[in-house]
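*Asks:* A structural model of the following input is requested.
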Amino acid sequence: MFALLAIACSKPDIPDRETDDSTSLADSIGEDSGQTDSGEVDTGPWDRDEDSYTSEVDCDDRDPDVNPGADEVFDGTDNDCDGVVDAQGSYSATIPISARGWFENTPYDFELQCPATMERALIDFELQVVCEIPADDSWGRKLLGATLTMTPDDPYLWELDAWSGTLIIESSEGWDTGAAATLQWTDMEQAVLSISLDTAWLDATGKGTLKR
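*Replies:* As a prediction, the model looks like this:
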């Protein structure tokens, strides 16, 4: 009886799985060790994308269109490996603005020279245009105030090389209005700002190039 129980409860012997000494596919396609045919290890530098620039200076050695000799284009990539993506940086200019205001149906014209500064990031920017009206221009100060400050209402760049939207014009006298504006990068170094305002009491136009 005990012998039968021992046989029934004994664990069946499972033969050992054969050991496979062959190299797995994952091992066979692993990273390059850099070992040459002579047995020496090649530590680089390499030119994997074959664009004539080695990995020492090529910031993306897997893309032949990215290297120190490439032209920077508006694509969100540092094409020329200078550490700057597209047109990022500081810009400045003096924007000439012509303004016309009305007082009791009489027009008054003003020619303003307005310093402008801009900080450009990849997908947005900060722009400010400031127009100072001379103290001896009494009608200019009555109609415009001592200072006009212009800033974009929404400075998001839906296109990397252009923006169109509204510039909010604020007067030091306490009023504000919106002007249609465009900002177009003609290249990586400069952008053309255009301003147009047409209302019943004030018109303004301006165009100038901000340079980096």
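
*Asks:* right, and the secondary structure at the residue sitting nearest the centre point of the chain would be what?
*Replies:* Relative to the mean C-alpha position of the chain, the nearest C-alpha, by CA atoms, centre = their mean, is the one of Leu122, at 1.1 Å. Reduced to three states with DSSP: H, G, I helix; E, B strand; the rest coil, the structure at Leu122 is coil.

*Asks:* Just list the residues touching it, thanks.
*Replies:* Counting by CB atoms under 8 Å, 6 or more residues apart in numbering, Leu122 touches 76, 85-86, 88, 157, 160. C-beta: built from backbone N, CA, C; applies to glycine.

*Asks:* How much space separates it from Asp75?
*Replies:* 11 Å (CB to CB, to the nearest Å).

*Asks:* what do you get for Ser172?
*Replies:* 42 Å.

*Asks:* for Val84, same thing?
*Replies:* In terms of CB to CB, Val84 sits 13 Å off from Asp75.

*Asks:* just Ser90 next, same as before
*Replies:* 22 Å.

*Asks:* the strands in this protein, which residues?
*Replies:* For the chain, the strands defined by DSSP state E occupy 89-103, 106-120, 125-132, 147-152, 162-171, 176-187, 190-198, 202-211.

*Asks:* Buried ones among the contacts of Leu122?
*Replies:* 85-86, 157, 160 (16 or more other CB atoms under 10 Å).

*Asks:* circling back: farthest-separated two in the contacts of Leu122?
*Replies:* Val85 and Leu157 (12.4 Å; CB to CB).

*Asks:* Tell me how many other residues surround the closest residue to Ser90 other than its chain neighbours.
*Replies:* What sits nearest to Ser90 in space, not counting adjacent residues and going by CB to CB, 6 or more residues apart in numbering, is Glu119, at 5.8 Å. By other CB atoms under 10 Å, the residues close to Glu119 number 14.

*Asks:* Over to Trp185?
*Replies:* 22.

*Asks:* Can we start the residue count at 47 from this point?
*Replies:* Understood, numbering begins at 47; the last thing we discussed is Trp231.

*Asks:* May I have the residues that are in contact with it?
*Replies:* Shown in contact with Trp231 (CB under 8 Å, 6+ apart): 120, 133, 207-208, 237.

*Asks:* Kindly recompute the last result at 7 Å.
*Replies:* For Trp231, the contact set (CB atoms under 7 Å, 6 or more residues apart in numbering) comprises 133, 207-208, 237.

*Asks:* got it, and Val119?
*Replies:* If you count contacts by CB under 7 Å, 6+ apart, then Val119 has Asn125 around it.

*Asks:* any idea of the pLDDT on it?
*Replies:* Note on Val119: pLDDT of 92.

*Asks:* quick one on the thing from earlier: from the buried ones among the contacts of Leu168, which single one is nearest Ala192?
*Replies:* Leu203 (32.2 Å).

*Asks:* Tell me how far the residue lying closest to the closest one once chain neighbours are set aside lies from Asp111.
*Replies:* Among residues not flanking Leu203 along the chain, Ile169 sits closest, at 5.0 Å (CB to CB, 6+ apart). According to CB to CB, Ile169 and Asp111 sit 21 Å apart.
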